[in-house]
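Colleague: Fold the following.
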Amino acid sequence: MEAGTPAATAALTPQEHQSLYVLGKNITSCTYDPLPSHVSPHLRDLVTAMLQPAPSSRPTIGQVSGLLLPPLRQLQSRRDRGVCACAP
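Modeller: Presented below is the predicted three-dimensional model:
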């Protein structure tokens, strides 16, 4: 499964059984369930960095795009060459 697909990021959605209070506390304390094992270490590190409670500790949009664009371009290139059986 490729990182960034809806199935790969499904664990990032808040649990439906959480109250808004608990959800808010979890967000402010940077408490969240670990990502599933099929999520790449690269995406794991990025999500961890983006979920830092202090805004100054989070990556900028330029840093995020710099980390995401190369793997996305590589995936697109593989799809264009018919190497990847991934859905478009």
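
Colleague: Report all helices and strands that the helix or strand harbouring Leu72 contacts.
Modeller: Assigned by DSSP states H and E, Leu72 falls within helix 61-80. Contacts defined by 3 or more CB pairs under 8 Å, 6 or more residues apart in numbering; DSSP states H and E place helix 61-80 against helix 41-50. All C-beta atoms are positioned from the backbone trio N, CA, C, and that covers glycine.

Colleague: swap the cut-off to 7 Å and go again
Modeller: Helix 61-80 sits against no helix or strand, with contacts defined as 3 or more CB pairs under 7 Å, 6 or more residues apart in numbering; DSSP states H and E.

Colleague: pLDDT averaged over it, what's the number?
Modeller: The average pLDDT for helix 61-80 rounds to 87.

Colleague: any weak-confidence spans in the protein?
Modeller: Scanning the chain for pLDDT under 70 picks out 1-17, 84-88.
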